[in-house]
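Novice: Return a 3D structure for these sequence lines:
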Amino acid sequence: MHTISYQFSLKLPELLMIFIMEPKVFRLLSCIFLLFLLNPFLFFSHANSPLDFLKPLIGTQKGNTARGLSQLKKYLSDLGYISNNINANNPSDENDDFFDDNLELAIKKYQRFFKLSVNGVLDANTIAKLMKPRCGVPDFPNRIQFANTSSKFSFFPGEPKWPPTKTSLAYSFTRGTRPDVNQAILDATRLWSSVSPFRFVYVPEYNNCDIKITFEFRDHGDGLPFDGPGGILAHAFAPIDGRLHYDGDEMWRDGVFKGAYDMQTIGLHELGHTLGLDHSTDDRAIMYPYFDIGSRKGLGQDDIDGIKALYKF
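Specialist: Numbers count the residues shown, from 1 in each chain. I've put the predicted structure just below:
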């Protein structure tokens, strides 16, 4: 048994001799190269998340001061758990690292929405949920509960929707958009069409369509900046706006691939927003805001119930 140390100044003939004399080295490099061919995402996955600042906050509660709480306040505000009115009345609250009453209330709302232990503490389960990749559309936790308490779906405030005569929706992509998203969106539109009166038609004229699909990066001018790899994956706007944005910094594929997010799954979710559905608390529903990497998800019964309730068909 001996160790091998090689200098990077070795010339090609010398390297070839090493591979011949050291078959273990050759086999190892061959395996690495094969893994790269089979799954390049394994080597280019993003280890860091924009939400890593949450990890040291486990156990933090009201009355504590901890670095990262100001970032958490901003994140919860973006997701709808801290009112903009509160921020306007106390602009310093969102910019400090003190765990105040407003943050505790926001944490309790979040825990209640996702069926966690409602204690107002940043316990391990709450932090784990907060760190998962998700849609950037706010959850609106103050929504009115429906008469049917088994329903978990929700609508945007004011219940915006497409006019009754508008059942054919044209969608398009900006020029230069990656071609593999075409099939992913087509399959997603077919799923929504199968449970609703809507029919989706691709048109090449981006400026003359109802649903505009693009890949965007960081601050892209719509007031909802992306955060890089991990964190927020995509977002879309309620009717009749029609904008649907994927985060271009994510690793995307059409299908189930290790280390990549499925464009069809996320597109199916975001199309739900363009139809007027907001987030569901049913983790089986496509309108549930959190997603797992390397997985595919379809419509759930709660999604079907939601679109039927919104458009009354």
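
Novice: which ones are touching the closest residue to Ile293 other than its chain neighbours?
Specialist: Residue nearest to Ile293 in three dimensions, not counting chain neighbours: Tyr261, with 5.8 Å by C-beta to C-beta, 6 or more residues apart in numbering. In short, each C-beta sits where N, CA and C put it, glycine included. Taking C-beta atoms under 8 Å, 6 or more residues apart in numbering as the definition of contact, the neighbours of Tyr261 are 133, 233, 250-253, 291, 293-294.

Novice: for Thr60, same thing?
Specialist: Contact partners of Thr60, counting by C-beta under 8 Å, 6+ apart, are 66, 69, 99, 121-122.

Novice: Just those: which are in helices?
Specialist: Of the positions in these, Leu69 sit in helices, assigned by DSSP state H.

Novice: Kindly write the PyMOL command that selects the buried subset of the contacts of Thr60.
Specialist: Written as a PyMOL command, the selection of buried residues from the contacts of Thr60, which uses 16 or more other C-beta atoms under 10 Å, is:
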select buried, resi 66+69+99+121+122
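
Novice: what's the closest of the contacts of Thr60 to Ile307?
Specialist: Within these, proximity to Ile307 (C-beta to C-beta) peaks at Leu122, which comes in at 35.0 Å.

Novice: who does the residue nearest to Ile293 bridge with?
Specialist: Applying DSSP bridges to Tyr261 yields these beta-bridge partners: Trp252.

Novice: Which residue ranges of this protein form strands?
Specialist: Counting by DSSP state E, residue ranges of the strands within the chain are 134-135, 168-173, 199-202, 211-216, 232-236, 243-247, 252-253, 261-262.

Novice: any chance of the ones you listed in CSV, plus distance to Ser83 and mean pLDDT?
Specialist: Conversion of the strands of the chain to CSV gives the following (distance: least, C-beta to C-beta, whole Å; pLDDT from 0 to 100):
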stretch, distance to Ser83, mean pLDDT
strand 134-135, 20, 98
strand 168-173, 33, 98
strand 199-202, 35, 98
strand 211-216, 27, 98
strand 232-236, 20, 98
strand 243-247, 25, 98
strand 252-253, 34, 98
strand 261-262, 31, 98
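
Novice: for those, which one ends up most surrounded?
Specialist: Mean neighbour counts were taken over the strands of the chain using mean count of other C-beta atoms under 10 Å, and the top value, a mean of 25, falls to strand 232-236.

Novice: What lies in contact with it?
Specialist: Outside strand 232-236, the residues that touch it by C-beta under 8 Å, 6+ apart are 133-137, 224, 226, 243-247, 250, 261, 266, 269-271, 273-274, 291.

Novice: So in that sheet, which strands flank that strand, and in what orientation?
Specialist: The strands beside strand 232-236 in its sheet (DSSP bridges) come out as strand 134-135 (parallel), strand 243-247 (antiparallel).

Novice: Now for Asp241, how many residues are close by?
Specialist: Other residues lying near Asp241 total 15 when counted by other C-beta atoms under 10 Å.

Novice: Show me where the stretch 101-250 of the chain dips below the pLDDT cut-off.
Specialist: For the stretch 101-250 of the chain, the stretches with pLDDT under 70 are 142-149.

Novice: try it again with 50
Specialist: Counting by pLDDT under 50, the stretch 101-250 of the chain has low-confidence residues at 145, 147.

Novice: tell me the contacts of Lys55?
Specialist: So, once contact is read as C-beta under 8 Å, 6+ apart, Lys55 ends up touching 127, 131.

Novice: Next, count neighbours for Asp222.
Specialist: Summarising burial for Asp222: neighbours were counted as other C-beta under 10 Å, giving 12.

Novice: Please list all residues in contact with it.
Specialist: With contacts taken as C-beta under 8 Å, 6+ apart, Asp222 has the following neighbours: 216, 237, 243, 245.

Novice: of the residues you listed, closest to Arg112?
Specialist: Nearest member of the contacts of Asp222 to Arg112, counting by C-beta to C-beta, is Phe237, at 26.1 Å.

Novice: How about residues contacting stretch 182-202?
Specialist: Residues outside stretch 182-202 that contact it (C-beta under 8 Å, 6+ apart) are 162, 167-173, 211, 213, 254, 262-264, 267-268, 271-272, 275, 298-299, 303-304, 307-308, 311, 313.

Novice: just the helices in the stretch 101-250 of the chain please.
Specialist: Secondary structure of the stretch 101-250 of the chain by DSSP state H, counting those that start in this stretch: the helices cover 101-113, 124-130, 180-193.
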